[in-house]
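Colleague: structure for this input, please:
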Amino acid sequence: MEIQQIIGGIDFEREIKAVMRIGRVFQEQHHWVQIEAHLLRVQNLTKQLVIVHNRRCQLELSKSYMNHIVHSSVVHDIRKAEIPEGIL
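Modeller: Sure thing, here's the model as predicted:
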């Protein structure tokens with residue numbers, strides 16, 4: 001299945017804003033986490049990695065596809081919301 005069939009019709013900007021709102025709520029409940037800054041750092045690092053990997057492996061990924069990877073990186077910690085603070 002091609003990636004466009006999977007992601008077709010997804011409004012990534014809207015989805016990213018929703019995830020950032022979830023992050024802000026999570027941050028309000030768990031003051032020890034600076035979630036928004038963390039997510040922005042993750043996006044920045046992901047962008048750097050995708051660019052280097054694309055170049056090194058000559059994948060010829062489109063800019064749009066690489067942006068989808070970068071924007072999707074913000075959901076990498078989403079399951080932490082269910083883990084009690086004492087365990088983290």
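Colleague: show me where this protein has helices.
Modeller: Counting by DSSP state H, the chain has helices at residues 3-7, 12-29, 35-56, 63-72.
Colleague: worst-scoring helix or strand of this structure, pLDDT-wise?
Modeller: Least confident helix or strand, the chain: helix 3-7 with a mean of 50, by mean pLDDT, DSSP states H and E.
Colleague: got a list of what residue 39 touches?
Modeller: Contacts for residue 39 (CB atoms under 8 Å, 6 or more residues apart in numbering) come out as 19-20, 23, 73-74, 77. Bear in mind the C-beta positions are built from the backbone N, C-alpha and C, glycine included.
Colleague: what pLDDT does it get?
Modeller: For residue 39, the model assigns a pLDDT of 81.
Colleague: where in this protein is pLDDT low?
Modeller: For the chain, residues meeting the criterion pLDDT under 70 lie at 1-10, 12, 23-24, 26-35, 80-85, 87-88.
Colleague: repeat that for 90
Modeller: For the chain, the stretches flagged by pLDDT under 90 are 1-41, 68, 71-88.
Colleague: how near is the closest residue to residue 59 other than its chain neighbours to residue 60?
Modeller: Computed as CB to CB, 6 or more residues apart in numbering, the closest residue to residue 59 that is not its neighbour in sequence is residue 53, at 7.2 Å. Counting by CB to CB, to the nearest Å, the gap from residue 53 to residue 60 is 12 Å.
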